[in-house]
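> Starting from these lines, generate the structure:
(2 chains)
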Protein chains: 2
Amino acid sequence: MITIPVELSERSYDIQIEAGALERSGVALASLGDVSRVLLVTDENVDALYTETVAAALVDRGLDLDVVVIPAGEESKSIEMANSLWERFLEVGADRKSVAVALGGGVVGDLTGFVAATYVRGIRFFQIPTTLLAQVDSSVGGKTAVDLPGGKNMVGAFWQPGGVLIDPNVLATLPADQYRAGLGEVVKYGASLDADFFGFLERNVEKIAARDPETLGAVVAKCCEIKAQVVSEDEFETTGRRALLNYGHTFGHALESALGYGTLLHGDGVSIGSLAAARLAKRLGENGDARFSAIDGAWVARQTELLERLGLPTSLEVVGRRIGDAPETSIERLVDLMRTDKKAEFGKLSFVLPTGLGECVRLRDVSPEDAAAALAE
Amino acid sequence: MITIPVELSERSYDIQIEAGALERSGVALASLGDVSRVLLVTDENVDALYTETVAAALVDRGLDLDVVVIPAGEESKSIEMANSLWERFLEVGADRKSVAVALGGGVVGDLTGFVAATYVRGIRFFQIPTTLLAQVDSSVGGKTAVDLPGGKNMVGAFWQPGGVLIDPNVLATLPADQYRAGLGEVVKYGASLDADFFGFLERNVEKIAARDPETLGAVVAKCCEIKAQVVSEDEFETTGRRALLNYGHTFGHALESALGYGTLLHGDGVSIGSLAAARLAKRLGENGDARFSAIDGAWVARQTELLERLGLPTSLEVVGRRIGDAPETSIERLVDLMRTDKKAEFGKLSFVLPTGLGECVRLRDVSPEDAAAALAE
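Numbering: from 1, shown residues only, chains lettered A, B, ... in the order given. The predicted model follows:
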C-alpha cells in the first residue's frame, strides 16, 4: 500500500493507494472512530459495479449504512441534487457523528463533499474515487462544489475529507472516454509542474494505454503527491500557489460551459485548454514577454504529441464541433465566459501559462485580444 | 464606541457598537481592503428604513454596490432563496474580492452568511444586525444556515464575518414583538451563563422596556462579550463549551418546528423552552441527580418572573395555542422533533440545563419520559 500524507495541520489526512482497496473500505471507515452511520453516495454506473463490495466491507465492520444512488453525469452536480441529498440525510437521521462517503467520480465526490460540508454545518467526509480523474485530481485537496446554470463550481466549500482510499483495480472497468479524459489531468501535472513526470509519461504511453496496473498505481501516486504538496502549501487558494494546478482550466471551463455541462468531458476540456494556454504563452513570448521565451513551436508540438499519443483531443472535434461553429461557441462568447470564471478578479482574464517544461506562472490580466487569438489559432 | 474583539486566530474580528454606527458603515467596509463590490442583502422591512443610509455611506467611500431585497420572515431562510442569491451574485459579476453584507435580522444574517460561505467556495462577509436578536446572538459567532422543510438550520456553514457593526439606535423602530423576542435570548445569557447580568436585568426592567439607548448599549455589549468568549473557546462546537449557549433551544426549536417556521418567534421559543428546561432540571434534581439540587421551585419562579416582567411568553398562548391542542403539537411529536435536533447524537435527547443561577451543563442522554414530563407540566 502506498500512503501519501496530505499535511494540513488539524485537517491532515492520508491518501491510501492499493490494488483491492475497496475490500478494505470497512477498516478505513471504522478507523475514523465514533461513526453513527455511513451515508454512501454513488451513481447508477458505479452502483452496479462496486456498491456491493463496499457495502459488504462496511457492514462487516458493524457500520450502519444508507446508500443513495444518483443519476450519472454532470447534471447531478446541481443545487437540486444537493437539496435532495440534504433531505435524504435528514430523513435517515444522519447526525454530526455520521460520515458521508463518496463512491464514484468527480461529480459524486464534489457533490457529496459539498453536502457533507453543509449538512448540519459540516459532517465528516470520506472519498473512494473510482475514475482516473477523481483519483488523480478531484478527490484530493478538499474542493467541493456544485454548478449553477450560469457557471461551473460556483457554489461550494473547502472541506477536507477524513481520508481517501484509492483502488487502481477499478480503472479496469472505466469507459474508454472517461479513462482518456482522466489522462488530460495527468498530462497537466507533468507539463506544468513536473518535467520528470512528463518524461515518464512519454516513455510509458503503451503501458498507460493498456491500463497496466503497476504503471497506473505509480501514475496515480505521483499525481496525488504533486497535488498534495501544492494543496498543503496553499489550502484555500490565497497565495496563488494552488492556482498553478489550473493549467488548461480557464480555456477548458469556458469550452465546457459554452457547450453545456456534460457535453465535453472535463479532462478533454483540460487537454484542449492546455494547448490553447500553450499557444497563448508562445504568442506572449513572441510579443516580447521574456518569461515565455522558452515556449516555442517545438514546445507546443511536444505537448501536442503526448496528448495525441494518449488519445486525448486537441480540438472540439472530439464532440463533433468547432470553435465558432455556432453563436454559443463564438470566440467572443468564450472570452466572456472566461471573464466570469471563479479565478477571474474584477472581470479580468486569468490564466496559468507554461514558462518551461514542468514550470508555469499565473497571469492575472491577459488581454481579451491575446486570449481570443490563442483560441482562434 | 465599544469594541469587542472576537478572538479566533486568523479569523479574528471586531464587533463595534455605537449609536449612529450605520452612518459609519462605509468606513468600516472600506477598511476591509481590496473590495471589488459590495453585495448588500436586506429584507423589505429593513430596506424601507435603513438601506438609504447604508448605501449612501458605502457610495461615499467609493464602493460599488448591489442591493438585493428579500421578503421578510423565516420563509426566506430556504434553499430556494439561497439559490436566488447565488444566481444574483453571479449575474452582477460578484468575484472573490466581493463582500456580502447582511443588513437585517437573523434571517438575513444567517442566509447571507451561508451564501457568502459557499459562493465561489467563500467570499468575505460583514454583518450589520438590525434586530435585538441578531445584535445579541445570531450576528456573533459565525454560524450561518438555512432551513430544510424538515428541520431548522439543517444546512449551513461556520463562516466568520470580517466584522460586525451594531447601531443600537435602530432598535427604536423594531416592532414590539420582535423586540420582546430578542429579550428571550438576553435573559438566556444571564440565566445560564452570568448571574451578575441576570441581576442587572432584574434591576433594569423598566429602562429595558422603555428601550433606553444607554441601557440597551450596555445590554447588547454584555451579550456580545459573553458570546464572543464562549465562541473563541469552541468555534466549531466540538468541545461542548459552545453548546452551553443553547439553553432553552432544544425545547424552543421543537416548538418552532412543530408550529411551522415563522409562527412562533425564535426568542419566544427560547423563553418558553428555557422554562421547560428549568422544569426538567428541577425534576432531575428531585429524582436524585445532585447536579440539579439547586434548581427548585423558587429558582424556576425567579426566572419566570423576569421573563414575565419583560413581557416574554411562558407558554404557547402567545400564539393562541397549547401543547397537545392538535396532533402536530402533541408531546410525542415534540419529543420526536427533539431527537432530530442537530444537537442530538445517535437519536438521543440533548439539553442544556441550569445547575444554578448563571451556570449550566449539557446532558446528552435525557430520557424521553423526563423530557415529556417537563413539557406537560
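> Mind checking the pLDDT average for stretch A:303-311?
Averaging pLDDT along stretch A:303-311 gives 98.
> So for that stretch, what gets flagged as buried?
Buried residues in stretch A:303-311, counting neighbours by 16 or more other CB atoms under 10 Å in any protein chain shown, are found at A:303-304, A:306-307, A:310-311. Just so you know, the C-beta spots here come from the backbone N, C-alpha and C atoms, and that holds for glycine as well.
> Show me how chain A divides into domains.
Using automatic domain parsing, the domain parsing of chain A gives A:2-173, A:177-376.
> Compute the distance between residue A:356 and residue A:193, please.
Using CB to CB, to the nearest Å, we find residue A:356 at a distance of 11 Å from residue A:193.
> The two: who's more crowded?
Counted by other CB atoms under 10 Å in any protein chain shown, residue A:356 and residue A:193 do not tie: residue A:193 has more neighbours, with 22 against 15.
> Go ahead and confirm that one touches residue A:358.
Yes: the pair residue A:193 / residue A:358 is scored as a contact, 5.9 Å apart, by CB atoms under 8 Å.
> Chain B contacts on the stretch 1-150 of chain A?
Contacts of the stretch 1-150 of chain A with chain B, taken as CB under 8 Å from any CB of the partner chain, map to A:36, A:79, A:83, A:86-87, A:90-91, A:93, A:95-97, A:114, A:117-122, A:143-145, A:148-150.
> Just the buried ones out of these, please.
Here, 16+ other CB under 10 Å leaves A:36, A:79, A:83, A:86-87, A:90, A:93, A:95-96, A:114, A:117-122, A:143-145, A:148 buried among the residues of the stretch 1-150 of chain A next to chain B.
> if we can go back for a sec, deepest in the core, which of the domains of chain A is it.
domain A:2-173 (a mean of 21; mean count of other CB atoms under 10 Å in any protein chain shown).
> Need the distance between the two termini of it.
22 Å (CA to CA, to the nearest Å).
> And residue A:89, how close does it get to residue A:65?
13 Å.
> Same check on residue A:82?
Distance of residue A:82 to residue A:65, computed by CB to CB: 21 Å.
> who's in contact with the residue found closest to residue A:111 once you drop the neighbours it is linked to in the chain?
Distances taken as CB to CB, 6 or more residues apart in numbering or on different chains put residue A:77 closest to residue A:111, at 5.3 Å, once the chain neighbours are dropped. By CB atoms under 8 Å, 6 or more residues apart in numbering or on different chains, the contact list for residue A:77 reads A:107, A:110-111, A:145-147, A:261.
> Output these in CSV, with pLDDT and secondary structure appended to each entry.
Shown next, in CSV, are those (pLDDT from 0 to 100; DSSP: H, G, I helix; E, B strand; the rest coil):
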residue, pLDDT, secondary structure
A:107, 95, helix
A:110, 97, helix
A:111, 98, helix
A:145, 97, strand
A:146, 97, strand
A:147, 93, strand
A:261, 70, coil
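> now, which of these sits nearest chain B?
Within those, the smallest distance to chain B is 6.7 Å, found for residue A:145 (CB to the nearest CB).
> Spatially, which residue comes closest to the closest one, not counting chain neighbours?
Nearest-residue entry for residue A:145: residue A:156, 2.8 Å, with adjacent residues in sequence omitted and distances by CB to CB, 6+ apart.
> Can you verify the one you found is assigned to a helix?
No: secondary structure assignment (DSSP: H, G, I helix; E, B strand; the rest coil) places residue A:156 in strand, not in a helix.
> which residue packs closest to the residue sitting nearest the centre point of chain A, ignoring adjacent ones?
In chain A, the C-alpha nearest the mean C-alpha coordinate belongs to residue A:138, at 3.5 Å (CA atoms, centre = their mean). For residue A:138, ignoring the flanking residues on the chain, the nearest one in space by CB to CB, 6+ apart is residue A:106 at 3.9 Å.
> now do residue A:68
Nearest to residue A:68 is residue A:41, by CB to CB, 6+ apart, at 4.9 Å.
> Show me the strands in chain A, by range?
Ranges of strands in chain A, per DSSP state E, are A:2-6, A:13-17, A:38-43, A:65-70, A:99-104, A:124-129, A:143-148, A:151-158, A:163-166, A:349-356, A:359-366.
> which residues are contacting the shortest one?
By that I understand strand A:163-166. Applying CB under 8 Å, 6+ apart, the external contacts of strand A:163-166 come out as A:13-18, A:21-22, A:24-25, A:28, A:32, A:126-129, A:135, A:139-140, A:220, A:224.
> List the residues that contact residue A:138.
A:105-106, A:109-110, A:129.
> Report the two of the residues you listed separated the most.
Spatial extent of the contacts of residue A:138 (CB to CB) is set by the pair A:110 and A:129 at 10.9 Å.
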